[in-house]
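Trainee: Provided below are the primary sequence and the corresponding predicted coordinates.
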Amino acid sequence: MENIPSIIQAMLLDNILNTNDAIAVFGPNDAILFSNKTFAGLYDLSVNEVNGKLWQDCVKHSYINETGLKYDTDNIENWLHKANKLRRSEIQRTFEINTLKDRWYLCNETTNEQGYIVFHGIENTRSKQLEIELKNTTEKLTLLATTDPLTNLYNRRFFFMRLKDEINRYQRTDKFISVIMLDLDHFKQINDQYGHKGGDEVLVTFAKLIKKLIRPYDLAARMGGEEFAIILPNTNMHEGQMIAERIRQSLAKLTFKQISPDLKVTISIGGMTSNSELNASKFTLKSDNALYKAKNNGRNQVVWCK
Ligand SMILES: Nc1nc2c(ncn2[C@@H]2O[C@H](COP(=O)(O)OP(=O)(O)OP(=O)(O)O)[C@@H](O)[C@H]2O)c(=O)[nH]1
């Protein structure tokens with residue numbers, strides 16, 4: 001420092017005091033020994049109010065008054081306990097904080113051997129906003145690419161991706177996977193009689209029914225038109241047939257009163273169970289063949305591929 005001319009030192013200090021970066025120095029007991037305006041602003045306090053205060057008192061002040069920084073907790077003592085475990089846990093620590101007004105700071109804390117901390121927070125609100133926008137857009141695009149917009153079930157492409165994953169997952173295990181293909185009976189007649197809107201309503205109601213009847217780890221997809229498919233992981237033939245039968249019977253019992261007072265719809269179902277020796281296309285081809293038989297045998301029934 002001695003080598004730095006005092007005028008430069010004054011300029012640097014002036015910069016530290018007035019910069020938009022949040023800068024502070026904490027003593028080993030977490031008393032704030034130095035802070036600039038931006039740092040004090042994080043707790044909605046002035047520099048004079050912050051300097052000399054314990055850091056935890058600044059935190060409590062802003063938490064109780066709901067001002068300054070955002071704390072994702074409903075118990076500030078617990079929050080402080082966790083934060084104190086992290087503070088001084090490393091010589092250099094990087095983390096992000098955000099304010100109730102949604103300003104973000106990328107923070108760095110450097111701890112010296114005596115336990116003093118130099119805190120430096122750089123505002124990164126714009127890049128954080130872009131990161132959040134990108135995440136939201138990616139989520140929306142993923143949803144669009146993987147789901148059927150009418151029924152909100154997964155689409156054909158995602159069905160095959162997941163079936164391949166499931167088959168790989170079960171490789172070298174003795175567990176079974178079942179796949180069922182479902183096709184609404186005489187759906188063309190429903191469209192003809194009640195219009196495309198009536199047909200759509202049947203598809204949406206049926207999709208909701210499937211979701212209610214399957215387990216959280218099963219995967220239901222709309223393969224196109226009035227054809228659906230369900231992957232039933234870790235499911236043997238007997239269990240698969242029970243689930244398929246449950247879906248068939250539940251639909252047969254339902255009356256689509258919102259479309260017509262006594263409209264009933266039935267479904268034909270083809271199923272296939274295997275350990276992971278079949279690939280995804282063979283799996284669905286065999287379930288499709290079983291479905292074809294169910295249609296030919298008179299519809300409204302479950303046929304399992306032997
Ligand atoms: N409302 C509605 N109809 C659709 C949609 N996609 C396909 N369809 C109709 O679904 C009908 C399917 O008819 P078909 O393939 O002849 O089958 P089906 O009448 O169900 O006869 P079976 O399957 O043999 O019992 C066609 O009339 C398609 O136009 C859709 O998204 N909404």
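Mentor: In hand now; what should we look at? Note that the coordinates shown come from a computational prediction; the quantities given were computed from them, not determined experimentally. Residues are numbered from 1 along each chain as shown.

Trainee: from D148, how far off is the closest residue to the ligand within the stretch 201-306 of the chain?
Mentor: Among all residues of the stretch 201-306 of the chain, G225 sits closest to the ligand, at 3.4 Å; criterion: C-beta to the nearest ligand atom. Every C-beta, even on glycine, is put in place using the N, C-alpha and C of the backbone. Between G225 and D148 the computed distance is 11 Å (C-beta to C-beta, to the nearest Å).

Trainee: so who does the residue in the stretch 1-150 of the chain that the ligand sits nearest to touch?
Mentor: Using C-beta to the nearest ligand atom, the closest approach of the stretch 1-150 of the chain to the ligand is made by L150 at 5.9 Å. Counting by C-beta atoms under 8 Å, 6 or more residues apart in numbering, L150 touches 200, 203-204, 222.

Trainee: among these, who's most crowded?
Mentor: R222 (25 neighbours; other C-beta atoms under 10 Å).

Trainee: isn't A252 right next to T266, touching?
Mentor: Yes. A252 sits in contact with T266 when judged by C-beta atoms under 8 Å, with a separation of 5.5 Å.

Trainee: okay, and the common contacts of these two?
Mentor: Shared contacts of A252 and T266, defined by C-beta under 8 Å, 6+ apart, comprise N300.

Trainee: flag every residue of this protein that's near the ligand.
Mentor: For the chain, the contact set with the ligand under C-beta under 6 Å from any ligand atom comprises 150, 183-188, 191, 196, 199-200, 203, 225-226, 295, 299.

Trainee: so which strand or helix has the spatially closest residue to Q56 that is not a sequence neighbour?
Mentor: Residue nearest to Q56 in three dimensions, not counting chain neighbours: L80, with 5.4 Å by C-beta to C-beta, 6 or more residues apart in numbering. Counting by DSSP states H and E, the secondary-structure element that holds L80 is helix 76-86.

Trainee: measure the residue in the chain that the ligand sits nearest to to I190 for me?
Mentor: Across the chain, no residue is closer to the ligand than G199, which sits at 2.6 Å (C-beta to the nearest ligand atom). According to C-beta to C-beta, G199 stands 5 Å off from I190.

Trainee: thinking again about what came up before, give me the pLDDT value at the residue of the stretch 201-306 of the chain closest to the ligand.
Mentor: Among the per-residue scores, G225 shows a pLDDT of 96.

Trainee: that one contacts N191, doesn't it?
Mentor: No. Using C-beta under 8 Å, G225 makes no contact with N191, being 10.2 Å away.

Trainee: ok, the two, which is more surrounded?
Mentor: For G225 versus N191, neighbours defined as other C-beta under 10 Å are more numerous around N191 (16 against 12).

Trainee: end to end on stretch 15-35, go ahead and measure it.
Mentor: 12 Å (C-alpha to C-alpha, to the nearest Å).

Trainee: and for stretch 12-30?
Mentor: For stretch 12-30, the first and last residues are 25 Å from each other (C-alpha to C-alpha).

Trainee: and the closest residue to Y154 other than its chain neighbours, how many neighbours?
Mentor: Excluding its sequence neighbours, the residue lying closest to Y154 (C-beta to C-beta, 6+ apart) is A221, at 4.2 Å. Residues within reach of A221, counting by other C-beta under 10 Å, total 26.

Trainee: list the contacts of A221.
Mentor: The contact partners of A221, taken as C-beta under 8 Å, 6+ apart, are 148, 153-156, 158-159, 228-231.

Trainee: gap between it and K286?
Mentor: Computed as C-beta to C-beta, the A221 to K286 distance reads 17 Å.

Trainee: what of G52?
Mentor: Computed as C-beta to C-beta, the G52 to K286 distance reads 77 Å.
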